[in-house]
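Undergrad: My questions concern the predicted model and sequence given below.
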Amino acid sequence: MDALVVNEYISIPAWELSFSASRSSGPGGQSVNKTNSRVTLSWHIDSSSVLRSDQKTRLKRRLGRRVDSDGYIHIHSETERSQLRNKEDARQRLAEMVASALQRPKHRRATRPTRASKERRLQSKKEHSQKKAMRRKPPTS
C-alpha cells in the first residue's frame, strides 16, 4: 500500500498503519458469516516519524476520546461488503480526521461595534418597547 497523504506537508508511511479484519455485524445472508470484511485501522501517534512533538500533542488533545491510553487511534469500517473498500474508507477517514485536528484555529481579532450598529440596536430596542407599551392597559385617572 502507498503512503497515506493527509495534506501537502504530511504523509503517513504505510508501515506505520496496521490493519486487522474481523467479521462484520448485521444482516447479510450466508456470506457475512464466512467473510472478514470489517476492517480496523490502527495508528500509533507517539511512534509516528512524520509528526513533530507539538503536532502529536495537538492531535491527542483535539481527538480526545478517539485516542486510547496507549496513544493509538483505531478506526473501524464495515460500510462496504469488500474488505479492500473498507480499508480505503478507513484510510480516508483517518486522513480527514488528522487533517482537521492539525488545523490551527483562526486568531480572532477583537473589534468594536460601529456607531451605526449601536444606533440600529438602540432603535430596535426602542421599537420593541413601544410595541410592548401598546399592549398595556391605558392609565385610569
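TA: Here it is on my side, so go on.

Undergrad: Can you classify Ser42 by secondary structure?
TA: Under the three-state scheme (DSSP: H, G, I helix; E, B strand; the rest coil), Ser42 adopts strand.

Undergrad: how about the helices in the chain?
TA: 53-63, 83-102, 115-135 (DSSP state H).

Undergrad: Quick check: which of those helices is buried the most?
TA: Most buried of the helices of the chain by mean neighbour count (mean count of other Cβ atoms under 10 Å) is helix 83-102; its value is a mean of 17. In this view, the C-beta of every residue, glycine as well, is placed from N, C-alpha and C.

Undergrad: could you say what helices and strands it packs with?
TA: Counting contacts by 3 or more Cβ pairs under 8 Å, 6 or more residues apart in numbering; DSSP states H and E, helix 83-102 packs against strand 4-5, strand 11-12, strand 17-22, strand 38-44, helix 53-63, strand 72-77.

Undergrad: try 6 Å this time
TA: strand 38-44, helix 53-63, strand 72-77 (3 or more Cβ pairs under 6 Å, 6 or more residues apart in numbering; DSSP states H and E).

Undergrad: nearest to Leu122, of these?
TA: Proximity to Leu122, assessed across the helices and strands packed on helix 83-102 by Cβ to Cβ, is greatest for helix 53-63 (41.0 Å).
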